[in-house]
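# sequence first, predicted coordinates after that:
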Amino acid sequence: MRGKAFKFGDNISTDHIAPGRLFHLRSNLPEFAKHVLEDADPDFATRMHKGDFVVAGSNFGLGSSREHAPQIIKIAGVGAVIAKSFARIFYRNAINIGLLAIECDTDSIDAGDELELDIENGILKNLTNGTITQIEPLPPVMIKLLQDGGLVEHIKKNGGFNLTE
């Protein structure tokens, strides 16, 4: 995967990601996605391109447990969210809906840097400044869920929760 980094700080909440004032759009997720991260960066949704990366500090996705936050990030076309750490429920929701969430040190990444992510080999390359960050490879069960598009799609595809095939 390759894309541009959009950098955010620590403690980006689900309200930053999916603004509460737009809760009425929860039944129209493609429209809601046009406002993704609007309260953290008002121009994010209009500047990002499919496959770009959200890069953040610690505790990304804190706050409410609503699935709308990772869903609209995915619908907007973000390739992955890369953060120092994630709020536990956000991380699980992201994997369940098929949004790649990578936990690693993000200090060497600046806004606008071109990144290349190799999930299978656990490597994040910053093509702008030349740094290489080793990331913890994802367990096979998580890779399978992501490849299938999330938990619901995996169950539809496989007729159950069999992650060994």
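Structure received.

# the strands in this protein, which residues?
Assigned by DSSP state E, the strands in the chain fall at 2-7, 53-56, 80-83, 101-103, 114-118, 123-126, 132-134.

# mean confidence (pLDDT) on the second one, please.
Per-residue pLDDT values across strand 53-56 average out to 98.

# show me what it is packed up against.
Contacts defined by 3 or more C-beta pairs under 8 Å, 6 or more residues apart in numbering; DSSP states H and E place strand 53-56 against strand 2-7, strand 80-83, strand 114-118. C-betas here are computed from N, CA, C, even on glycine.

# for L100, which of the ones you listed is the nearest?
Of all these, strand 80-83 sits nearest to L100, with 3.9 Å by C-beta to C-beta.

# can I get the CA coordinates of the closest one in PDB?
Only the C-alpha atoms of strand 80-83 are listed here, as PDB (Å, rounded to 0.1, in the frame of the first residue of the first chain):
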ATOM      1  CA  ALA A  80      -5.000   2.500   6.800                       C
ATOM      2  CA  VAL A  81      -4.900   4.300  10.200                       C
ATOM      3  CA  ILE A  82      -1.400   4.300  11.600                       C
ATOM      4  CA  ALA A  83      -1.100   5.400  15.300                       C
END
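
# chain center to that strand, what's the gap?
Strand 80-83 has its C-alpha centroid displaced from the chain centroid by 5 Å (C-alpha atoms, centre = their mean, to the nearest Å).

# contacts for that strand, please.
With C-beta atoms under 8 Å, 6 or more residues apart in numbering as the test, strand 80-83 has contacts from 1, 5, 53-58, 60, 70, 73, 94, 99-104, 106, 109, 115, 117, 124.
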